[in-house]
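Visitor: no letters, just coordinates:
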């Protein structure tokens, strides 16, 4: 295959952060916190409908039916037909101007009632968008007081957490210490590797949240944490969402890995939400970054030296843990001698 060079080497790409969260989790509050932050850069916030987002009126400079211009230079726009078309138009206009739409970052606020998987896949699979955009993180807001109940009732909640690199545990001021521990445990049952930020009123450290490029990292994963002898993290009430960490001290054959990834992604009995990892392949001196969302996956040379061993994390529904472990082992190249 033609190995893609790391996107960070392309200076023209625009960083993108996807913000998810179920109804009432605080997405609108987070958007306003970000827009009020003094970041010194223009941001475009893409939303489904203005009616869903109550932008702080003190920030508004002028507005029409599709664009709200803010006093700090940031812009909010609605999705007119579909998200990809809206992003295409924004990026083309950005190329043609040096002022009004010379934005430096894009925030996409996902619907509170939808899984972000198809949205992310459609953007990453678009050749123009994938060349122009640099995915930095998936941020999911969680209502600390209601998350345990929501996981029982709404499958979208577990899916939103499965795609996240960073999870903002919001409304913590409404919870006891015991409730917070339960909420965090519920989050970990869906996604044991995402960074968790406890907060209230969506008051987060905005620069850290937006500049931490966690999409291309392994969630701070310690390779010792994924060895087969370790305890398995399971989800009792997450609508079947499960997480499995795979490890190999042996190099991994790149061709076998591609066939294996395609086989589990195309398996109709498996709903593979997220795949993420760094693997050592004899075909390349550097580590290879593996990214998968829904039915899309990509491999590219990773920045830096990375770990000495191979680490892969899969999150989804319907997969047999032992079957996945065994088929993963078939991708490995045993040492001779």
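Guide: Perfect, I can see it now. Since we're looking at a predicted model, the values are computed, not measured. Numbering: from 1, shown residues only.
Visitor: what comes up buried for stretch 78-97?
Guide: 78, 79, 83, 84, 86, 87, 90, 91, 94 (16 or more other C-beta atoms under 10 Å). For every residue, glycine as well, the C-beta is placed using N, CA and C.
Visitor: let's test this: mean pLDDT of the helix or strand harbouring residue 245, rounded?
Guide: Element membership of residue 245, judged by DSSP states H and E, is strand 242-248. Average pLDDT, strand 242-248: 88.
Visitor: next SSE after it?
Guide: helix 254-266.
Visitor: average pLDDT for the next helix or strand after that following helix?
Guide: Helices and strands here follow DSSP H and E; after helix 254-266, the next one along the chain is strand 271-280. For strand 271-280, mean pLDDT rounds to 88.
Visitor: which element follows strand 271-280 toward the C-terminus?
Guide: Using DSSP H and E, the helix or strand that follows strand 271-280 towards the C-terminus is strand 287-293.
Visitor: and that following strand, which strands flank it?
Guide: Sheet pairing of strand 287-293 (DSSP bridges) gives strand 271-280 (antiparallel), strand 296-301 (antiparallel).
Visitor: as TSV, those strands with mean neighbour count and distance to residue 244 would be great.
Guide: As requested, the strands paired with strand 287-293 are arranged in TSV below (neighbours: other C-beta atoms under 10 Å; distance: least, C-beta to C-beta, whole Å):
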stretch	mean neighbour count	distance to residue 244
strand 271-280	23	10
strand 296-301	18	16
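Visitor: quick check: residue 137 touching residue 168?
Guide: No - using C-beta atoms under 8 Å, residue 137 makes no contact with residue 168, being 11.2 Å away.
Visitor: which neighbours do these two have in common?
Guide: Shared contacts of residue 137 and residue 168 (C-beta atoms under 8 Å, 6 or more residues apart in numbering): residue 209.
Visitor: show me the helices in the chain, by range?
Guide: Here the chain has its helices, by DSSP state H, at 27-36, 83-96, 117-124, 127-132, 147-153, 155-162, 177-190, 206-211, 254-266, 321-329.
Visitor: residues contacting the residue positioned nearest the centre of the chain?
Guide: Closest to where the C-alpha atoms of the chain average out (C-alpha atoms, centre = their mean) is residue 138, at 2.9 Å. Residue 138 sits next to 17, 18, 20, 116, 120, 163, 164, 165, 166, 215 when contact means C-beta under 8 Å, 6+ apart.
Visitor: can you list those residues in CSV and add distance to residue 321?
Guide: Shown next, in CSV, are the contacts of residue 138 (distance: C-beta to C-beta, whole Å):
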residue, distance to residue 321
17, 31
18, 28
20, 26
116, 24
120, 25
163, 20
164, 22
165, 23
166, 26
215, 25
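Visitor: any weak-confidence spans in the protein?
Guide: For the chain, the stretches with pLDDT under 70 are 1-11, 48-73, 75, 80-81, 97-101, 212-238, 284-285, 303-307, 335-337.
Visitor: contacts for stretch 119-130 next, please.
Guide: 16, 18, 83-84, 87-88, 91, 108, 110, 133, 135, 138, 163, 293-296, 298.
Visitor: closest one to residue 315 among the helices of the chain?
Guide: Residue 315 sits nearest to helix 155-162 of all the helices of the chain, at 4.6 Å, using C-beta to C-beta.
Visitor: report the angle between that closest one and helix 177-190.
Guide: For helix 155-162 against helix 177-190, the angle by axes from the mean of the first three to the mean of the last three C-alpha atoms, to 10 degrees is 80 degrees.
Visitor: so how far is residue 170 from residue 184?
Guide: According to C-beta to C-beta, to the nearest Å, residue 184 stands 12 Å off from residue 170.
Visitor: those two: which has the busier surroundings?
Guide: With neighbours defined as other C-beta atoms under 10 Å, residue 184 and residue 170 compare such that residue 170 has more, 28 against 18.
Visitor: give me the number of residues near the nearest residue to the more buried one once chain neighbours are set aside?
Guide: The spatially closest residue to residue 170, leaving aside those adjacent along the chain, is residue 26, at 4.2 Å (C-beta to C-beta, 6 or more residues apart in numbering). Residue 26 has 23 neighbouring residues, counting by other C-beta under 10 Å.
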